[in-house]
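J.: pasting a predicted model and its sequence here:
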Amino acid sequence: MRSAWLVLVALPAVILSDHTASQCGVVAGKVTVTVAKTSADVVVSLEPRGDSVPVVPPDTAVILNQKNKEFVPHVLPIVRGTTVVFFNHDDFLHNLHGYRQSKTVFNVAMPYVGMKWKKKFDEAGKVSILCDVHPEMSAYIIVLNTPYFTKTGKDGAFVIPHVPAGEYVLQTWHEKGKAKTLTITVSGSDTTAVNLQLGD
Ligand SMILES: [Cu+2]
């Protein structure tokens, strides 16, 4: 009796998810970076060509760590409106010197282990972050106007799932490779393959 009830409940859920999937596609491929040691840390984003889509910041905190004299992650793509919590894991002084182009937008001392400081990023674009104590430390926060984005792994592979069918402008960002922009069409339930090379 109990198992029959479970089947009846599960069935409509399966039909519903199939229906949703038929209107969404996947954008996947590989970005090869010729001007860096690996093809990691390329931000790939899709902005609809028509009306912009609403972006909803995540409920959970997005964390950018200072650990062993490194920013982890080195590249952090977020949607507009996201709050980032900066977290010093080292038992010594760091700071957070944030820039938009050459203009300082924040400069905060992070003097002790366990210290956290948070900031909301409302404006799209690139925020570069340095630590003035350790010149080798750097991070980039890429603030996006779209929920459809990802970051490549070391092999340059990327996947953006659940993209509603339509026309999009695909953009790449990499700290050294020249940005690329192309228009793509996403059709429901298909994978749109994109392979790109980023150089000087
Ligand atoms: Cu530092």
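T.: All right, it came through fine.
J.: check residue 20 and give its pLDDT.
T.: With respect to pLDDT, residue 20 scores 47.
J.: quick check: residue 79 vs residue 109, distance?
T.: Distance, residue 79 to residue 109, by CB to CB, to the nearest Å: 28 Å. (Each C-beta comes from the backbone N, C-alpha and C, glycine too.)
J.: settle it for me: which of the two has more neighbours?
T.: For residue 79 and residue 109, the more surrounded residue by other CB atoms under 10 Å is residue 79, and the numbers stand at 21 against 14.
J.: verify the contact between the more buried one and residue 53 for me.
T.: No. Using CB atoms under 8 Å, residue 79 is not in contact with residue 53; the gap is 10.1 Å.
J.: spell out which residues are contacts of both of these two.
T.: 146, 147 (CB atoms under 8 Å, 6 or more residues apart in numbering).
J.: and after the helix or strand of the chain with the lowest mean pLDDT, which helix or strand comes next?
T.: For the chain, using mean pLDDT, DSSP states H and E, the weakest element among its helices and strands is helix 2-21, scoring a mean of 44. Following helix 2-21 in sequence order, the next helix or strand is strand 24-33 (DSSP states H and E).
J.: buried set for that next one?
T.: 24, 25, 26, 27, 28, 29, 30, 31, 33 (16 or more other CB atoms under 10 Å).
J.: got the contact list for the fourth one?
T.: Spelled out, it's residue 27. Residues near residue 27 by CB under 8 Å, 6+ apart: 44, 46, 148, 159-160, 163, 168, 170, 184, 186, 191-192, 194.
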